[in-house]
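Visitor: coords please:
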Amino acid sequence: MQKLPRGAMLSVRLPEAEARELLRGELSIASVNSRVSSAVSGPSEEIEELERVLASRKVGCRRLPVPFAYHSSAIDSITPEYVAMIANLTLHDPAIPLISNLTGTWLEPGQATDENYWVDQMRRPVQFAGGLDTLLNTRPAVLLEVGPSQVLTAMARQHLGRRSPNAVLPSLPSQPTTDSDHATLLTALGNLWLNGFEPDWENFYKFEQRRRVALPTYPFEGKRYWVETSFDGAVANGNKDRGVPSEQPAASPIEPEPPPPKSNGRFSVSRAELAQVYAAPRNGIEVGLATIWGEVLGLEAIGIQDNYFELGGDSLLATQIFSRIRQSFSIEISLEKVLLNQTISELSRAIYKEIMPNGSDGSNYYCTFDLKMDDDSMKVYLNEEDYLRTGLPEGAENFSLL
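Guide: Below is the predicted model of the structure:
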């Protein structure tokens with residue numbers, strides 16, 4: 001690999017067919033990640049030109065941190081040496097069923113022992129989306145990503161869509177993040193249990209160090225005071241006497257259908273899949289962020305405490321949000337800061353610090369003014385020390401002393 005010429009790879013928020021129409025020169029489709037995203041590989045200067053084209057069309061894209069153009073014609077220069085190396089190895093068919101990244105279907109007998117298969121696997125596009133279709137085959141399932149980051153989780157969620165009955169779970173946090181590995185792993189274990197999997201609890205608690213806990217000196221005497229009354233019978237029999245029990249068998253629970261998209265093509269946020277209730281935006285920055293997130297993610301009613309990644313966001317979509325934030329708020333903010341602040345509440349505070357780097361922490365207010373942002377404005381408070389040091393920012397209106 002070190003003999004390859006330098007190159008680059010670009011993750012693109014376009015389906016394979018649309019991305020292929022933009023290929024020029026030696027550019028190649030390197031990976032079909034989902035029904036809405038793919039990766040392009042090729043010489044660095046041609047990748048840079050593709051970035052400019054995508055930026056002009058407002059299509060999200062992101063450079064991948066690799067030094068070479070994998071899965072492109074650049075691989076051809078090392079193919080003979082690679083074939084010779086594979087020929088010296090003793091290859092075996094796998095002992096368990098595997099899905100091929102080359103074909104997107106089940107690996108057939110004899111393929112894994114053929115050196116030409118491995119050359120094609122390195123040269124041709126990775127068929128991740130096709131492999132998912134083969135694996136699921138229209139059946140509901142639970143997918144668990146085992147490994148660092150959450151790249152495969154994001155691609156699987158993109159490919160399956162919001163109305164999919166499949167659960168896709170990461171086992172380690174994305175980067176950058178403030179979440180701990182242990183917390184993310186326990187969350188994955190809990191979600192597996194919620195989806196019907198029974199963990200091996202004996203192994204889970206095997207190395208736990210327990211201590212004796214002193215109990216109260218009085219017993220807990222729980223007494224039940226519930227009134228045993230059936231309301232189902234009265235409704236089922238049309239009897240107004242709610243004390244009449246029902247003799248009809250209980251109906252099977254009906255699985256709720258996912259809500260259809262709105263007329264504008266957006267879906268409402270599914271609160272059942274989130275750990276927090278809806279919290280409305282409180283100021284102009286949060287309103288603006290909620291609008292941007294909604295348009296990029298295709299969602300409505302996003303709360304300020306909702307997590308970006310839990311809503312289906314990923315680092316590729318974050319490039320669009322990053323661009324929109326810089327344009328809407330006229331600030332210089334890094335993509336890392338957009339990814340690290342994963343709720344609207346956290347991100348709005350980061351944006352406010354960019355707008356007012358010496359702003360007050362909210363105590364001992366001296367003055368107030370409105371700060372115009374797009375079609376909205378937010379109320380800003382400063383203490384006397386900060387006001388004398390920074391003055392009023394550009395766009396400040398309705399200044400008054402408190």
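Visitor: ok, the closest residue to Ala141 other than its chain neighbours - contacts?
Guide: Counting by Cβ to Cβ, 6 or more residues apart in numbering, Ala141 lies nearest to Asn166, which is 5.3 Å off, once chain neighbours are set aside. In short, each C-beta sits where N, CA and C put it, glycine included. By Cβ atoms under 8 Å, 6 or more residues apart in numbering, the residues touching Asn166 are Leu136, Pro140, Ala141, Val142, Leu143, Leu160.
Visitor: how many other residues sit next to Ala55?
Guide: A count of nearby residues for Ala55, using other Cβ atoms under 10 Å, gives 13.
Visitor: Which strand or helix spans it?
Guide: Per DSSP states H and E, Ala55 falls inside helix 44-56.
Visitor: average pLDDT for that helix?
Guide: Averaging pLDDT along helix 44-56 yields 93.
Visitor: Distance check, Pro281 against Gln342.
Guide: According to Cβ to Cβ, to the nearest Å, Pro281 and Gln342 sit 16 Å apart.
Visitor: quick one, which of the two is more surrounded?
Guide: Taking other Cβ under 10 Å, Pro281 and Gln342 do not tie; Gln342 has more neighbours (22 against 19).
Visitor: thought the more buried one was touching Asp306?
Guide: No - here Gln342 does not reach Asp306: they are 9.1 Å apart, not a contact under Cβ atoms under 8 Å.
Visitor: which ones are touching Asp76?
Guide: Taking Cβ under 8 Å, 6+ apart as the criterion, Asp76 is in contact with Arg123.
Visitor: Would you double-check that it falls in a helix?
Guide: Yes - under DSSP: H, G, I helix; E, B strand; the rest coil, Asp76 sits within a helix.
Visitor: how much space between it and Gly25?
Guide: Computed as Cβ to Cβ, the Asp76 to Gly25 distance reads 15 Å.
Visitor: can you check Ser100 too?
Guide: According to Cβ to Cβ, Ser100 stands 29 Å off from Gly25.
Visitor: between these two, which one's more packed in?
Guide: Ser100 (19 against 12).
Visitor: and the closest residue to Leu401 other than its chain neighbours, how far is that from Gly303?
Guide: Excluding its sequence neighbours, the residue lying closest to Leu401 (Cβ to Cβ, 6+ apart) is Cys367, at 5.1 Å. Here Cys367 is placed at a distance of 31 Å from Gly303 (Cβ to Cβ).
Visitor: Same drill for those two, tell me which one is more crowded.
Guide: Neighbour totals were compared for Cys367 and Gly303, and Gly303 leads with 21 against 18 (other Cβ under 10 Å).
Visitor: these two touch, right, that one and Arg282?
Guide: No - look at Gly303 against Arg282 with Cβ under 8 Å: they stay out of range, at 11.0 Å.
Visitor: Output the below-cut-off pLDDT ranges for the protein.
Guide: 176-178, 218-224, 228-267, 269-275, 356-366, 372-378, 381-390, 394-395, 402 (pLDDT under 70).
Visitor: just so I have it, where are all the helices in the stretch 251-400 of the chain?
Guide: Secondary structure of the stretch 251-400 of the chain (DSSP state H, counting those that start in this stretch): helices at 284-297, 315-329, 335-340, 344-355, 384-390.
Visitor: Of all the residues in the helix holding Ala55, which ones are buried?
Guide: By 16 or more other Cβ atoms under 10 Å, the buried positions in helix 44-56 come out as Glu46, Ile47, Glu49, Leu50, Glu51, Leu54.
Visitor: Then stretch 100-117?
Guide: Neighbour counts over stretch 100-117 (16+ other Cβ under 10 Å) mark Ser100, Asn101, Leu102, Thr103, Gly104, Leu107, Gln111, Ala112, Glu115, Tyr117 as buried.
Visitor: For those, name the two members farthest from one another.
Guide: Farthest apart among those by Cβ to Cβ are Gly104 and Glu115. That separation is 20.9 Å.
Visitor: which stretch of helix or strand covers the nearest residue to Arg20 once chain neighbours are set aside?
Guide: Leaving aside its sequence neighbours, Arg20 sits nearest to Ile29 (Cβ to Cβ, 6+ apart; 5.9 Å). Per DSSP H and E: Ile29 is located in strand 28-32.
Visitor: now the angle from the following helix or strand past that strand to strand 28-32?
Guide: Of the helices and strands lying after strand 28-32 in sequence (DSSP H and E), the nearest is strand 38-42. Counting by axes from the mean of the first three to the mean of the last three Cα atoms, to 10 degrees, strand 38-42 points 150 degrees away from the direction of strand 28-32.
Visitor: Please name every helix or strand in contact with strand 38-42.
Guide: Applying 3 or more Cβ pairs under 8 Å, 6 or more residues apart in numbering; DSSP states H and E, one finds that strand 38-42 makes contact with strand 8-12, helix 16-20, strand 28-32, helix 44-56.
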